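Novice: based on what follows, work out the 3D shape:
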Amino acid sequence: MTTSPSDPDGPQSDLLPFLRQAIDLAVDNVTEGQLPFAALVVRDGTVLGTGVNTALRDDDPTAHAEVAAVRNACLTHHTLDLHGATIVASCEPCAMCHTACLVAGIGQVVYAAPKELVPGFDTTPGVLTEFQALLRGAAPRTVRHVPTPGADAPFRRYVEKTEGRR
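Specialist: Below is the predicted model:
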């Protein structure tokens, strides 16, 4: 049986090249002065779209990598329907990104780094954290962590780059 990144039961090793690509894009995004997040839309082993977080550049709190990747895939392929695709993200998606994926028909999000690795991540429960938990409870198989070597690289690069600005 052949599996692909869109197969939720496929071997984790099938996802590693895409996870590495997302991590590398996130590191590059930090080099461009942006936040350390990137994502790919993948279907049947093919990257349909990519996105990076441009919230700082665009003064837009919704300019997250997963949303940008969905927009890029839809625009590139002239569709609003990404059924059968997977989002491969450098970091755990927020509730907004998870929702955007579901709206586009993306059935699964896999990510390399848990949100706790994000420098300055606030672990205090709040409405967004509660919303994320509700989404995960309603659709438990849609988001999955795949431990990936080097998943912390974008955050290490971000800390290195921003320490000089203080």
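
Novice: after the helix or strand bottoming out on mean pLDDT in the chain, which helix or strand is next?
Specialist: Of all helical and strand segments in the chain, the minimum by mean pLDDT, DSSP states H and E falls on helix 127-138, at a mean of 81. Counting by DSSP states H and E, the next helix or strand C-terminal to helix 127-138 is strand 143-145.

Novice: that next one: how far from the chain's middle?
Specialist: Offset of strand 143-145 from its chain centre (CA atoms, centre = their mean, to the nearest Å): 10 Å.

Novice: buried ones in the helix or strand just after that strand?
Specialist: As assigned by DSSP H and E, the chain's next helix or strand after strand 143-145 is helix 153-163. Going by neighbour count (16 or more other CB atoms under 10 Å), the buried part of helix 153-163 is A153, P154, F155, R157, Y158. C-betas here are computed from N, CA, C, even on glycine.

Novice: now do stretch 68-79
Specialist: For stretch 68-79, the neighbour count (16+ other CB under 10 Å) marks A68, A69, V70, R71, N72, A73, C74 as buried.

Novice: on the three-state scheme, the last one is what?
Specialist: The one in question is C74. With DSSP: H, G, I helix; E, B strand; the rest coil as the basis, the three-state label of C74 is helix.

Novice: next up, the contacts around it.
Specialist: Residues near C74 by CB atoms under 8 Å, 6 or more residues apart in numbering: G49, L80, L82, A104.

Novice: give the closest residue to the second one in space, chain neighbours not counted.
Specialist: Spatial nearest neighbour of L80, chain neighbours left out: C74 (5.9 Å); criterion: CB to CB, 6 or more residues apart in numbering.

Novice: all strands for this structure, in order.
Specialist: Counting by DSSP state E, the chain has strands at residues 38-43, 46-52, 86-91, 108-113, 143-145.

Novice: list only buried entries from the contacts of C74.
Specialist: Among those, those classed as buried by 16+ other CB under 10 Å are G49, L82, A104.

Novice: can you tell me the closest non-neighbouring residue to the second one?
Specialist: What sits nearest to L82 in space, not counting adjacent residues and going by CB to CB, 6+ apart, is A104, at 4.5 Å.

Novice: for this structure, which helix is longest?
Specialist: If you go by DSSP state H, the chain has its longest helix at helix 16-31.

Novice: list the buried residues for that one?
Specialist: Those would be L16, F18, L19, R20, Q21, A22, I23, L25, A26, V27, N29, V30, for helix 16-31 by 16+ other CB under 10 Å.
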